[in-house]
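> Quick one, what's the 3D model for this:
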Amino acid sequence: MAAPDSTSIVIPAYNEAASISRVVSELAAAAPWHEILVVDDGSSDGTGPMAAAAGARVVRHPYNKGNGAAVKSGIRAASGDHILIIDADGQHPPAEAVRLVDRLGEYDLVVGARQAATQANVARRVGNDLLNRLAGYLADRNIPDLTSGFRAARASCLREFIHLLPNKFSTPTTTTLAFIKAGYSVGFEPIEAARRSGQSKIRLLRDGARFFLIILKVVTIFSPLRVFLPLSLASFALGAAYAVWTILTQSHVTNSSVLLIMLAVIVFLVGLVSEQIAALRFEGRE
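This is a model prediction of the structure:
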């Protein structure tokens, strides 16, 4: 079981002056943490000074780089054996931080899974549910909350994947899938999320498409056949069915059928090669 005094808290923050002092103060009151780091991602509203006044150590970006870049800066700067990442908007209850860290003795990554009723609106809930289902299929694991920014992990494991983390808003997606596909133990703790302070910086359509591409990218890095095999089977089934139909109706096989079957073979072989390349990534891995 991990202890708070070995845990660094990382809070990425961009223009969160309305909530940062309260978040830092409530975290400090919850447990004797190793340190509380606020990464001020080029804020223009005094977020950094307010975090420092509340007792946090502040790492400042000279300009806005993105949520993921702020998380990476926090991971690099953290000196604890464990790292807890929490959003600065007040959506995640700081009192639950201790519960997530307690589970690190059993898991390598613990995600605070928001209950559906506490998420922002119907459109956001539906979008998150679709992403959760897609990620669950590709990762071969039930994932109740893919995009939660409230999570605790072993620092050494997080640093192993830091080069995969994007600079924008899909860091939670990437870390969750990377841990699962690398064979680490990942647990999900149900939490009740509050309504965030201020306006969300995520846009459903724009960032939803980005999350979809990130899911495919991470899964193809670690387990390419989960993507390539269904595509190959679909192409083969379509080509074979069309070939049977043209034989019965026209007494010959069309070029389209042959091309679809050849495409299925090529996609399958590319998937096999990709699977071997993915396996090589872990040779010599500690």
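> ok, and the closest non-adjacent residue to residue 12?
residue 70 (3.4 Å; Cβ to Cβ, 6 or more residues apart in numbering). In this view, the C-beta of every residue, glycine as well, is placed from N, C-alpha and C.
> ok, now how distant is the one you found from residue 125?
Using Cβ to Cβ, to the nearest Å, residue 70 is found at 26 Å from residue 125.
> what's the answer for residue 212, then?
Distance from residue 212 to residue 125, by Cβ to Cβ: 17 Å.
> Same check on residue 149?
Per Cβ to Cβ, residue 149 is found 16 Å from residue 125.
> Which one of the two is surrounded by more residues?
residue 149 (21 against 15; other Cβ atoms under 10 Å).
> what's the burial count for the nearest residue to the more buried one once chain neighbours are set aside?
Using Cβ to Cβ, 6+ apart and skipping residues adjacent in sequence, the residue nearest residue 149 is residue 87, 4.5 Å away. For residue 87, the neighbour count with other Cβ under 10 Å is 20.
> and residue 87, that's in a helix?
No: Residue 87 is assigned coil when assessed by DSSP: H, G, I helix; E, B strand; the rest coil, not a helix.
> if I look at it, how far off is residue 114?
Residue 87 is 11 Å from residue 114, by Cβ to Cβ.
> ok, and the closest non-adjacent residue to residue 99?
residue 189 (6.3 Å).
> again with residue 90
The nearest residue in space to residue 90 (Cβ to Cβ, 6+ apart) is residue 19, at 3.9 Å.
> The one you found touches residue 89, doesn't it?
Yes: with contact defined as Cβ atoms under 8 Å, residue 19 reaches residue 89; the gap is 5.6 Å.
> okay, these two: which has more neighbours?
More neighbours surround residue 89 than the other of residue 19 and residue 89, with 23 against 19 (other Cβ under 10 Å).
> quick one, phi psi at the most centrally placed residue in the chain?
Residue closest to the average C-alpha location in the chain (Cα atoms, centre = their mean): residue 173, at 1.6 Å. Per-residue torsions, residue 173: phi -60, psi -50 (degrees, to the nearest 10).
> what's it in contact with, if anything?
131, 135, 146, 147, 211, 214, 215, 218 (Cβ atoms under 8 Å, 6 or more residues apart in numbering).
> ok, now which ones touch the fourth one?
It refers to residue 147. Per Cβ under 8 Å, 6+ apart, neighbours of residue 147: 128, 131, 170, 172, 173, 211.
> Work out the gap between whichever strand or helix holds the fourth one and the centre of the chain.
Per DSSP states H and E, residue 172 falls inside helix 171-181. Using Cα atoms, centre = their mean, to the nearest Å, the distance from the centre of helix 171-181 to the centre of the chain it belongs to is 5 Å.
> Specify the angle between the helix or strand following it and helix 171-181 in degrees.
Next helix or strand after helix 171-181 toward the C-terminus (DSSP H and E): strand 186-191. Inter-element angle recorded for strand 186-191 and helix 171-181: 140 degrees (by axes from the mean of the first three to the mean of the last three Cα atoms, to 10 degrees).
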